[in-house]
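J.: structure, please.
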Amino acid sequence: MLAALFLFDLREPSMPHTRASFVLGHYQEQASVTCCQSGDTSLLVTDLTPFHPQSHLWPDQPGDVGTVHWEGGDATVGPCRMGAISPDGELFVDQAIPVKRGAEGWRFVVVHPLAGHCVLAVGSQVTLRVDAEARHALSLGHSGCHLAALALNRALMPYWRKEVNEQDALDQPDFDRLAIQTSRVEPMGSREQYRIGKSLRKKGVNSEALLADLAQIEEMINKQLADWLAAGGEIRRSRAGEAIIDSRYWHCSLEGREVTIPCGGTHVGSLAELGLVQVQLASCEEGFTLTTRVTP
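T.: So this is what the prediction gives:
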């Protein structure tokens, strides 16, 4: 995992956060170089990017890969990471970022790791191109992941002994949000791990019955997924602004309504694109894992 800090002369007060266009489905942009740290792996920051970076806070979806082209050269890009530039001009990358999003005086940026020693002047123009095939495979996995989480929440409704305040986008008890420990989006799939600890049992989850019924729950989830996919529906994305730190959302038409989930990743444009989505559940210490596979 890339986690480092570098010092640049980046104390211009007008320098904004990176503007990101992947939410709009863009795969290519012309951009200006903000900084470039040369080395065995060079680090490029631009004012605008179509590349989706892996989050340093919830690293579920891997960063985009692709290429960058400039007058007289090109390089392979990725996987991209989040970065933050301090008021003193230090660039912190990935897990080295020491402040919360939106901290005063800090500028959050998308860091493009470039293969090889690259020298790019500040202000020079580059063309950024995302690997569309790799992006699409991850988008299939991420959209399938959200759909599987909603189906999981529905299948687990009978296993709540108490009413719960935390509700998902379909107004169901949000087991997914309350119990999830890790999530990893993969090409055409995802893997989640859920823990049913003491606090969740106090909230009313019948963990003993739930874990004993994993096979039946898996069957219920897959049936629900098949029903939603057969009905079809649009998937779209929205954003509160164009800066990389602005909130982004996933919207999907399900059961005659639009459901909305906060999400910073990339997605396909419809349920029809997903084809077949199926899950497998397996018990693990204090909980279970959910593996989702998408077959477009």
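J.: wait, isn't residue 60 in contact with residue 185?
T.: Yes. Counting by C-beta atoms under 8 Å, residue 185 is a contact partner of residue 60 at 5.2 Å. Quick note: C-beta positions are derived from backbone N, CA and C, even for glycine.
J.: comparing the two, which residue is more hemmed in?
T.: residue 185 (26 against 22; other C-beta atoms under 10 Å).
J.: not counting residues beside it along the chain, what's closest to the more buried one?
T.: residue 61 (4.2 Å; C-beta to C-beta, 6 or more residues apart in numbering).
J.: which residues does that neighbour contact?
T.: The contact partners of residue 61, taken as C-beta atoms under 8 Å, 6 or more residues apart in numbering, are 52, 54-55, 138, 141-142, 185, 264-266.
J.: again with residue 238
T.: Taking C-beta under 8 Å, 6+ apart, one finds 23, 248-249, 251 in contact with residue 238.
J.: okay, and it sits in which element?
T.: strand 235-239 (DSSP states H and E).
J.: what comes up buried for that strand?
T.: Of the residues in strand 235-239, 235, 237, 239 count as buried by neighbour count, 16 or more other C-beta atoms under 10 Å.
J.: and it, average pLDDT?
T.: Across strand 235-239, pLDDT averages out at 98.
J.: partners of the helix or strand just after it in the sheet?
T.: Downstream of strand 235-239, the next assigned helix or strand under DSSP H and E is strand 248-254. Looking at strand 248-254 with DSSP bridges, its partner strands are strand 235-239 (antiparallel), strand 257-262 (antiparallel).
J.: how about those, which one is nearest residue 270?
T.: Checking those against residue 270 by C-beta to C-beta gives strand 235-239 as the closest, at 5.6 Å.
J.: hey, where'd the helices end up in the stretch 1-150 of the chain?
T.: 132-155 (DSSP state H, counting those that start in this stretch).
J.: re the thing from before, so what sits against both of residue 60 and residue 185?
T.: Contacts common to residue 60 and residue 185, judged by C-beta under 8 Å, 6+ apart, are 142, 145, 265.
J.: didn't the last one look like it was pressed against residue 142?
T.: Spelled out, that is residue 265. Yes. Using C-beta under 8 Å, residue 265 is in contact with residue 142, at 4.7 Å.
J.: ok, those two, which is more surrounded?
T.: Each of residue 265 and residue 142 has its neighbours counted (other C-beta under 10 Å); residue 142 has more, 27 against 24.
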